[in-house]
Every structure is written in C-alpha cells, then in structure tokens.
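Colleague: What follows is a protein structure lacking sequence information:
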Ligand SMILES: CC(C)(COP(=O)(O)OP(=O)(O)OC[C@H]1O[C@@H](n2cnc3c(N)ncnc32)[C@H](O)[C@@H]1OP(=O)(O)O)[C@@H](O)C(=O)NCCC(=O)NCCS
C-alpha cells in the first residue's frame, strides 16, 4: 500500500488552490520543461508530469487534467480553459480483445501548437497533433483527429472544423 501511494505521488502533481505563486513554482519544478510566464488559475492535475513540456506564455485554468503518459507537448501562448482534458493514454484495444488483458497506450503523444485555445470541458484524445496555429477548440469538443489547418474553430463530438478565421494582418 505504501509503495502504491508513493508511486501515485511521484507521478501526479496535486496543487493547493490558494497559493498561486507557490503552485507555479511547484508545477514548473515537476514537469519536464516549462517556458516563461506560465499562469495557473486554480488547480490543474497532471499525471506523468515528467513527460509534459510547456512553452512560453501559457495559461492553465482550474480543473484541467493532463495525462502525459505518452508525452504531451504544448506550444507557446496556449490557453487551457476550465476543465479541459488532455489525455495521451488509454487501453490498447487490439491487445485487450486478443489477449484479454488491459495494457496502457504509451506511444500516442499529443501536441498542441502555438496560440491555441482549448475551450472549457474540451477533451483531446491520445495521438492528436494540433500542428495548426491559432486553433480554437470549442467548449465541450472531443478532438479525435489531427488539426493541421491554422485559424480554425473545431467543435462538437467528434470535433470538426466549423469555422475559419481571417488573419487580420493579411486583410
Ligand atoms: C468558440 C467560441 C469562442 C465561439 O467562437 P466564434 O468565432 O464566435 O464562433 P460562432 O459563435 O460564430 O460559431 C460558429 C459556429 O460554431 C458553432 N459553435 C461555436 N462554439 C461551439 C461549441 N463549443 N460547440 C459546438 N458548436 C459550436 C456555432 O453554433 C456556430 O454554428 P452555426 O454556424 O451552425 O451557426 C465559443 O463558442 C466557445 O466555445 N467558447 C469557449 C468558452 C470557454 O471555454 N471559455 C473559457 C472559460 S474558462
């Protein structure tokens, strides 16, 4: 039991909601890498923090859950809104159906490109690569596939592109 508790502790960051400055320091210290100006609002939860890389100027809101078992990389100027979930693992279904044992996926990394906004309650599933920039993931979306286009709104379940935005500098 003691060993299990220690294992869980080692692989999770649980933050105290009140001490924001302390939380940022603790958070940064525990993840693989983090750029400057990270802002934490409330209390995100991270499993496998040693496999989480975050760029500069990112914002993470309360109740965000990141499972970085297969590696999660977040670019610069990315916002994760309240309750967003970034989940890079699950069970290997072929193996489960064939062998009858559950085995975790640990080779489906997630990438979230620069300037993206992940809306409240959105879920990003294992292996998703958001290589587009300025991608808006609508609240409650479930992202199952890669998003290569920039300046788009993806929404719904399964998430699809529902709107394209202009680049103001090119108008
Ligand atoms: C994405 C968002 C900002 C709207 O952006 P927008 O550019 O103004 O988009 P529009 O309102 O013009 O919507 C475009 C279309 O997408 C649909 N849409 C917008 N957001 C959607 C969502 N989250 N889920 C499903 N469909 C959505 C609209 O109904 C509309 O459909 P239509 O063309 O059939 O009428 C907003 O809907 C959203 O999801 N915001 C996130 C809020 C949030 O998470 N806040 C953070 C709090 S911590």
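Modeller: Happy to help now that I have it. Bear in mind the structure is a predicted one, so any value in this text is a computation, not a measurement. Numbers count the residues shown, from 1 in each chain.

Colleague: pLDDT weak spots in this structure?
Modeller: 1-11, 14, 17-19, 170-171 (pLDDT under 70).

Colleague: Apply 80 and report the result again.
Modeller: 1-20, 168-171 (pLDDT under 80).

Colleague: what does it put close to the ligand?
Modeller: Selection of the chain residues close to the ligand by C-beta under 6 Å from any ligand atom yields 61, 81-82, 119-120, 136, 138-140, 153, 155-156, 162-163. C-betas here are computed from N, CA, C, even on glycine.

Colleague: Tell me who's in contact with the residue of the chain found nearest the ligand.
Modeller: Nearest to the ligand in the chain, going by C-beta to the nearest ligand atom, is residue 138, at a distance of 2.8 Å. Contacts of residue 138 were listed using C-beta atoms under 8 Å, 6 or more residues apart in numbering, and they are 119, 122, 153-156, 159, 162.

Colleague: can you put these in TSV and add secondary structure?
Modeller: Converted to TSV, the contacts of residue 138 look like this (DSSP: H, G, I helix; E, B strand; the rest coil):
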residue	secondary structure
119	coil
122	coil
153	strand
154	strand
155	strand
156	coil
159	coil
162	strand
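
Colleague: before we move on, the earlier item: so what's the residue of the chain closest to the ligand closest to, chain neighbours aside?
Modeller: residue 155 (3.2 Å; C-beta to C-beta, 6 or more residues apart in numbering).

Colleague: same question, residue 16
Modeller: residue 23 (6.6 Å).

Colleague: Okay, and that neighbour sits in which element?
Modeller: Under the criterion DSSP states H and E, the helix or strand holding residue 23 is helix 20-30.
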